[in-house]
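Visitor: got a predicted structure plus its sequence, pasted below:
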Amino acid sequence: MLKLLGIVLALGVSFPLFAVPQLETVGQGSYRYLFWQLYDARLATRDGRYVDYQQSSPLLLELTYKRKISRDQFIEATVDEWKKLKQSTPEQQADWAEQLKTLWRDVKEGDRLAAVLLADSSVEFYFNGSKTGVVADNTFGPAFFNIWLHNDTSAPKLREQLTGLSSE
């Protein structure tokens, strides 16, 4: 039994059980707010093409931060974007924000936060390559990814860089 446990632990060290899936990049770009570059973003799918949520899962959005941002600032900005898009209720937004508090961390320059939208619309989150958890609510996935991918995103240039699709 101990020998089997040793093998399992050795494999776990050699092959992370919860690593970010390796997917092909669709597009990438940078997000700036006023004079500051906040993060670089990358969108990826199995075949490197983005059509929509249903046809492109798993769908990876990876953000590499260029500056220090607190978890609470990121959650507040996320809720603000949901409010602007008007595609979720205040109750959903509050519930999701609470779930994100357990999954997200404060970030500093070089940290990576990745979200993977699965076929069932659940979202797996990763911080610097390690899985932090899942939001299983099937309405969360599209609402979260819409922040970057919806036609009415507040960052249409970044959307076009990520997807190759014009917002018009």
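Guide: Okay, I see it.

Visitor: the closest residue in space to residue 63 that isn't next to it in sequence: neighbouring residues, count only.
Guide: With C-beta to C-beta, 6 or more residues apart in numbering as the criterion, residue 63 has its nearest non-adjacent residue at 4.5 Å, and that residue is residue 39. Glycine gets a C-beta too; all of them are placed from N, C-alpha and C. Residues within reach of residue 39, counting by other C-beta atoms under 10 Å, total 23.

Visitor: just to check, residue 39 is in contact with residue 33?
Guide: No: using C-beta atoms under 8 Å, residue 39 is not in contact with residue 33; the gap is 9.9 Å.

Visitor: list residues touching both of those two?
Guide: Here residue 39 and residue 33 share no contacting residue, scored by C-beta atoms under 8 Å, 6 or more residues apart in numbering.

Visitor: so which residues of the protein form strands?
Guide: All strands of the chain, identified by DSSP state E, fall at 24-33, 36-45, 59-65, 112-117, 123-127, 130-135.

Visitor: residue 98: which of those strands is closest?
Guide: Proximity to residue 98 (C-beta to C-beta) singles out strand 130-135 among the strands of the chain, at 10.5 Å.

Visitor: pairing partners for that closest one, with directions?
Guide: strand 123-127 (antiparallel) (DSSP bridges).

Visitor: contacts for the strand it pairs with?
Guide: By C-beta under 8 Å, 6+ apart, strand 123-127 touches 18-20, 103-105, 111-118, 131-135, 140-141, 144.

Visitor: out of those, which are buried?
Guide: 20, 103-104, 111-118, 131-133, 135, 140-141, 144 (16 or more other C-beta atoms under 10 Å).

Visitor: which residues does the nearest residue to residue 141 once chain neighbours are set aside contact?
Guide: Closest residue in space to residue 141, ignoring its immediate chain neighbours: residue 121 at 3.9 Å, by C-beta to C-beta, 6+ apart. Under the criterion of C-beta under 8 Å, 6+ apart, the contact list for residue 121 reads 53, 138-142.
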